[in-house]
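> pasting a predicted model and its sequence here:
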Amino acid sequence: MKKIFFFLLLLGCFCLVHAQTNNVYISVAMPSDCPLDSNTKSILKNKILQMLSAEGVAGTECGAIIMVPEVNIINSNSIYGGMRQILSVELGITVTVRNMITNTVFNAMQIASKGEGYSDNEAKCSAINKIDVLNTDYSRFVEATKLKISDYYRNNTIALITKANTLASQQLFDETLALLSTYPESLLGYTKVSNAMTSIFKKCQAQYCTQILLSAQAAYSKHDYAEAAELVSMIDGQSSCVEQAKALLNSIKKGMDKQYNDIIAMEKEKIRSDECIKSAQIKAIKDIATAYFKRQTEYVFFW
């Protein structure tokens with residue numbers, strides 16, 4: 001686990017209530033073997049993102065619920081026009097919406113488009129550019145998919161928590177948190193899922209106490225006592241390095257004047273408030289989940 005997760009955790013801790021949303025969110029990911037060049041992939045990604053944005057379900061970061069376009073060349077031929085050869089390409093794009101961890105497919109649709117150009121890449125790019133994102137078929141597809149995703153999670157809440165606990169028992173904490181983080185916050189079952197995430201995160205936090213302690217020591221060496229104290233306060237009381245954490249906290253206190261002591265006292269009180277701890281944990285969990293998604297090799301996120 002990288003130390004940055006815990007820095008981000010604290011930076012995101014502004015004691016805000018984590019509001020629930022009314023929608024599921026779908027990220028865009030490309031298969032790693034997509035036959036398009038980088039520029040054309042980006043255009044296709046933006047086209048799909050527009051489809052999702054129109055229905056208010058676009059996830060603008062890595063996530064487990066993904067819309068994946070699989071591009072196939074249906075037909076390709078050459079046309080001679082004037083002095084140059086023009087290539088004509090017909091693309092068939094299978095778009096699926098799936099959970100990349102469980103590989104559950106929620107919905108799928110087909111898109112066909114033709115393009116021309118003086119090179120293979122130009123012809124493919126032309127075909128992608130011709131996709132009309134305002135086509136009502138796409139909006140109906142996204143709306144139907146959103147409902148299918150909600151129904152799936154609503155009907156499989158207990159099964160997901162059970163799977164998560166099994167993964168956690170195998171010390172696969174990042175995959176566990178990534179799995180649970182896919183659950184739509186608007187559903188009633190989110191409270192159970194959130195409680196499971198919190199419980200598993202505490203185990204993860206205890207396991208990686210050494211990394212937190214190293215981050216705190218680095219902050220202390222820079223005389224950033226506020227950050228050092230905040231980091232130390234996140235170390236679980238049952239962690240193996242708790243005695244080292246206590247010793248560092250004593251050193252921090254000795255290194256601070258009255259003004260710093262007052263600031264740290266207030267900050268620690270804020271950190272210990274239920275709402276802030278919950279907000280910080282959720283932020284850290286999302287960071288851990290995002291890192292897990294980025295490490296996967298089957299799909300590529302363009303963000």
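Perfect, thanks for sending it. Numbering: from 1, shown residues only.

> what about stretch 183-197, how long is it end to end?
Terminal residues of stretch 183-197 are spaced 11 Å apart (Cα to Cα, to the nearest Å).

> confirm that residue 35 lies within a strand, as I assumed.
No. Assessed with DSSP: H, G, I helix; E, B strand; the rest coil, residue 35 is coil; it does not lie in a strand.

> next, it: phi, psi?
Dihedral pair for residue 35: phi -80, psi 10, per degrees, to the nearest 10.

> which SS class is the closest residue to it other than its chain neighbours?
Nearest non-adjacent residue to residue 35, counting by Cβ to Cβ, 6 or more residues apart in numbering: residue 71, 5.8 Å away. All C-beta spots, glycine's among them, are computed from the backbone N, C-alpha and C. Classification of residue 71 by three-state DSSP places it in strand.

> do the one 4 residues further on as well
Here residue 75 is strand, with the state taken from three-state DSSP.

> list the contacts for the residue nearest to residue 35?
By Cβ atoms under 8 Å, 6 or more residues apart in numbering, the contact list for residue 71 reads 34-36, 44, 91-93, 124.

> now with 7 Å, please.
When contacts are counted by Cβ atoms under 7 Å, 6 or more residues apart in numbering, residue 71 is found next to 34-36, 91, 93.

> and the pLDDT at it?
Looking at residue 71, its pLDDT is 95.

> likewise for residue 222?
pLDDT at residue 222 comes out at 86.

> got it, and the one 4 residues further on?
In this prediction, residue 226 carries a pLDDT score of 79.

> and it, what helix or strand is that in?
If you go by DSSP states H and E, residue 226 is part of helix 225-233.

> the helix or strand following that helix vs helix 225-233, what angle?
Later in the chain than helix 225-233, the nearest helix or strand by DSSP H and E is helix 242-254. Here the directions of helix 242-254 and helix 225-233 differ by 160 degrees (axes from the mean of the first three to the mean of the last three Cα atoms, to 10 degrees).

> can you give me how far helix 242-254 is from the chain middle?
34 Å (Cα atoms, centre = their mean, to the nearest Å).

> contact partners of it?
By Cβ under 7 Å, 6+ apart, the surrounding residues in contact with helix 242-254 are 213, 216-217, 220, 225, 228-229, 232, 235, 261.

> out of the residues you listed, which one sits closest to residue 110?
residue 235 (52.3 Å; Cβ to Cβ).

> what's the per-residue pLDDT of that closest one here?
Value listed for residue 235 in the pLDDT field: 73.

> so who does it touch?
Residue 235 neighbours (Cβ under 7 Å, 6+ apart): 209, 212-213, 241-242, 245.

> can you select the buried ones from the contacts of helix 242-254 in ChimeraX?
In ChimeraX syntax, the buried subset of these is picked out as below (16 or more other Cβ atoms under 10 Å):
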select :213,216,217,220,225,228,229,232,235
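
> do you know how far the closest residue to residue 216 other than its chain neighbours is from residue 215?
Distances taken as Cβ to Cβ, 6+ apart put residue 231 closest to residue 216, at 3.8 Å, once the chain neighbours are dropped. Counting by Cβ to Cβ, to the nearest Å, the gap from residue 231 to residue 215 is 5 Å.

> what does residue 252 give?
Taking Cβ to Cβ, one finds residue 252 at 13 Å from residue 215.

> same question for residue 27.
From residue 27 to residue 215 the distance is 29 Å (Cβ to Cβ).

> mind checking which of the two has more residues around it?
Each of residue 27 and residue 215 has its neighbours counted (other Cβ atoms under 10 Å); residue 27 has more, 24 against 21.

> for the more buried one, give me its contacts.
Contacts of residue 27 by Cβ under 7 Å, 6+ apart are 59, 61-63, 65-66, 301.

> let's see 8 Å
Residue 27 neighbours (Cβ under 8 Å, 6+ apart): 59-63, 65-67, 301.

> now a PyMOL select for only the buried ones of the residues you listed.
Buried residues within the contacts of residue 27, by 16+ other Cβ under 10 Å, are selected in PyMOL with:
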select buried, resi 59+62+63+65+66+67+301
